[in-house]
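Engineer: Next come a sequence and a model predicted from it.
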Amino acid sequence: MPLHLSQLLAQRAALSPTREAIVCPRGRWTYAQFNERCTRLADAFAALGVAEGDRVAIYAKNGEALANAVFAAARAGATAVVLNWRLSAAELTYILGDAEPAVLLYEEEFAPVVELLVKAQPLRGLIRVGERGPGVDYDSIVNASSPTASVSREVAGDLPAVIMYTSGTTGRPKGAMLSHEALIWAAHGSANTLDWRQDARFLLVAPMFHIGGLSPLITNVLKGCTTVLRPEFDPQAVWQTIAAERITGMMSVPLMLQAMLAVAKATTVDASSLAWISCGASAVPKALIEAYRELGISVHQVYGITEFSGAVSFWTAEMGLEKAHSQGKPHLHAEVRIVNPATGAALPADQDGEIWCRGPMVFSGYWRNPDATRSALHQGWYRSGDIGHLDKDGFLYVVDRLKDMIISGGENIYPAELEAAIRNVDGVADVAVVGRADDRWGEIPVAFVVCKPGMSVTEADILAACRERLAGYKCVKAVEFLGGLPRNAVGKILKQELRALP
């Protein structure tokens, strides 16, 4: 099978030239047209001085230009660095300084930020998508009528195709290097586990600066499906797109599912074409799965990791609703083991430990960060930093992050368990639990709670909910109410800021 992204696209274009490949607000393109645009953009990268092994940064929302740039960078022998457009200029400056791209492709709405970025980071060239801002015009490149030079530098499949920067909740973001082979193996794992048919029309609204957004695009090219791209999430617009484009599948996160369900309850939506929604980032409540089942839509749980190039495991309805609170089973090409994080010794079923995963889709390491790479990889296994267990039937349960675990009086307490209990309290909008130093216990769990507007919740309500569902030693020892929780640009709660509060 092809183990290089540009080869994958070229073969798909040869096999399915007239099949629709990409749909977005800027237009519609078949696989033959998309491959031709990829070729022209690769030639433009080369003309701007992109050499084999260089990096190409992409600063764009979901759309044809972003999708094209990923494959065109591969064709030019370069590595794509997909930037998170939600980050600040200072955060992006750090990433560009670390990645040192040769060329930056960007959308015109980001022109003011780009003008700041180029002052700090020298570049060989800029490509602009739209009318405003410095650089070469993207449309003039991909719509050129002259023959292409057809640059093709298909580097070894084990070299990085993409560098994807982690969110950096505990420090500077790290660039995870994902090889061509790893990304394509991950696509095979998804395609062979889920009902990913060639006639599928997949809506991609999850941002492609996350692996959960990028991996489905590659799976669609592998299978010859149509990818319908939306630049941002809007629940009403998503339902309209589903109806207009006859969408059969999509990727989401629980917050998206909740917002879409609210629209479906308030208005009439056409979900007749939509067979399934894959959902990651956090566990999907059983009630939400059942609500979508009433609409005729199957919700799949997915446990995905950037450093694993996408999905590790899937839960599907066929596995039984009684297992819906799990993350399912590892996909076809993935192995999972649970180990004692201190010793690396394998643990038996139903015992919590660190989740390690292995397979041909494991990342190559962190860009220019050998120390972090050595800490993350052990004899081919990726040490996820997540705590969980496998049950006797082989289903995976993710409990919490290892770094968030609280050790109180010698007992391990997982904040995610407490957070799940507290979220059931009527009037709670958001919650985070962290450990606080304590002279007697070493650490105690403290809950930071945000109330829904106009509703009142007391400390007694929170403590009662914890005691009802959890052992006494696990219960929170203090509750603090805030107007909101600190989050980074991708929405992750910054627990280190909560720990620093007096």
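Structural biologist: Cool, the structure landed. Numbering: from 1, shown residues only.
Engineer: Just give me how far the helix or strand hosting residue 113 sits from the chain centre.
Structural biologist: According to DSSP states H and E, residue 113 maps onto helix 111-120. Chain-centre distance of helix 111-120: 26 Å, with CA atoms, centre = their mean, to the nearest Å.
Engineer: in its sheet, what does whichever helix or strand comes after that helix sit against?
Structural biologist: Next along the chain after helix 111-120, taking DSSP H and E as the criterion, comes strand 125-129. Strand 125-129 sits in its sheet next to strand 103-107 (parallel), strand 136-137 (parallel), going by DSSP bridges.
Engineer: Which one of those lies nearest to residue 268?
Structural biologist: Residue 268 sits nearest to strand 103-107 of all these, at 33.9 Å, using CB to CB. C-beta coordinates here come from the backbone N, C-alpha and C atoms, glycine included.
Engineer: What are the buried residues along that closest one?
Structural biologist: 103-107 (16 or more other CB atoms under 10 Å).
Engineer: same deal with stretch 277-294?
Structural biologist: Using 16+ other CB under 10 Å as the test for burial, stretch 277-294 gives 277-281, 283-285, 288-289, 291-292.
Engineer: now do stretch 125-143
Structural biologist: For stretch 125-143, the buried set under the neighbour-count rule, 16+ other CB under 10 Å, comprises 125-130, 133, 135, 138, 141-142.
Engineer: Over to stretch 94-112?
Structural biologist: Neighbour counts over stretch 94-112 (16+ other CB under 10 Å) mark 94-96, 98-99, 101-111 as buried.
Engineer: thinking in terms of the whole chain, how far from its middle is that stretch?
Structural biologist: 20 Å.
Engineer: From the opening residue of that stretch to its closing one, how far?
Structural biologist: End-to-end distance for stretch 94-112: 17 Å, by CA to CA, to the nearest Å.
Engineer: Give me the average confidence score over that stretch.
Structural biologist: In this model, stretch 94-112 has a mean pLDDT of 98.
Engineer: Could you pull out the strands in the stretch 151-300 of the chain for me?
Structural biologist: With strands called from DSSP state E, counting those that start in this stretch, the stretch 151-300 of the chain shows them at 160-165, 175-179, 201-204, 226-229, 249-252, 276-279, 298-305.
Engineer: For these, give me JSON lines that also has mean pLDDT and distance to residue 214.
Structural biologist: JSON lines is the format used below for these (pLDDT from 0 to 100; distance: least, CB to CB, whole Å):
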{"stretch": "strand 160-165", "mean pLDDT": "98", "distance to residue 214": "7"}
{"stretch": "strand 175-179", "mean pLDDT": "98", "distance to residue 214": "9"}
{"stretch": "strand 201-204", "mean pLDDT": "98", "distance to residue 214": "9"}
{"stretch": "strand 226-229", "mean pLDDT": "99", "distance to residue 214": "11"}
{"stretch": "strand 249-252", "mean pLDDT": "95", "distance to residue 214": "10"}
{"stretch": "strand 276-279", "mean pLDDT": "95", "distance to residue 214": "14"}
{"stretch": "strand 298-305", "mean pLDDT": "95", "distance to residue 214": "11"}
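Engineer: For residue 150, which of those is the nearest?
Structural biologist: Short answer: strand 160-165, nearest of the strands of the stretch 151-300 of the chain by CB to CB, at 19.5 Å.
Engineer: and for that closest one, what are the contacting residues?
Structural biologist: 4-5, 55, 70, 73-74, 79-84, 95, 99, 173-180, 183, 209-211, 214, 306, 364, 367 (CB atoms under 8 Å, 6 or more residues apart in numbering).
Engineer: ok, it: who's next to it in the sheet?
Structural biologist: Paired with strand 160-165 in the same sheet, following DSSP bridges, are strand 79-82 (parallel), strand 175-179 (antiparallel).
Engineer: Put together JSON lines for these, with distance to residue 9 on each row.
Structural biologist: Shown next, in JSON lines, are these (distance: least, CB to CB, whole Å):
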{"stretch": "strand 79-82", "distance to residue 9": "13"}
{"stretch": "strand 175-179", "distance to residue 9": "16"}
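Engineer: Chain neighbours aside, what residue packs nearest to residue 295?
Structural biologist: Leaving aside its chain neighbours, residue 295 sits nearest to residue 271 (5.1 Å; criterion: CB to CB, 6 or more residues apart in numbering).
Engineer: Is it correct that that neighbour is in contact with residue 263?
Structural biologist: No: between residue 271 and residue 263 there is no contact under CB atoms under 8 Å: 10.9 Å.
Engineer: what touches both of those two?
Structural biologist: residue 239.
Engineer: Give me the helix or strand of this structure that scores worst on average pLDDT.
Structural biologist: Least confident element among the helices and strands of the chain, by mean pLDDT, DSSP states H and E: strand 411-413 (a mean of 82).
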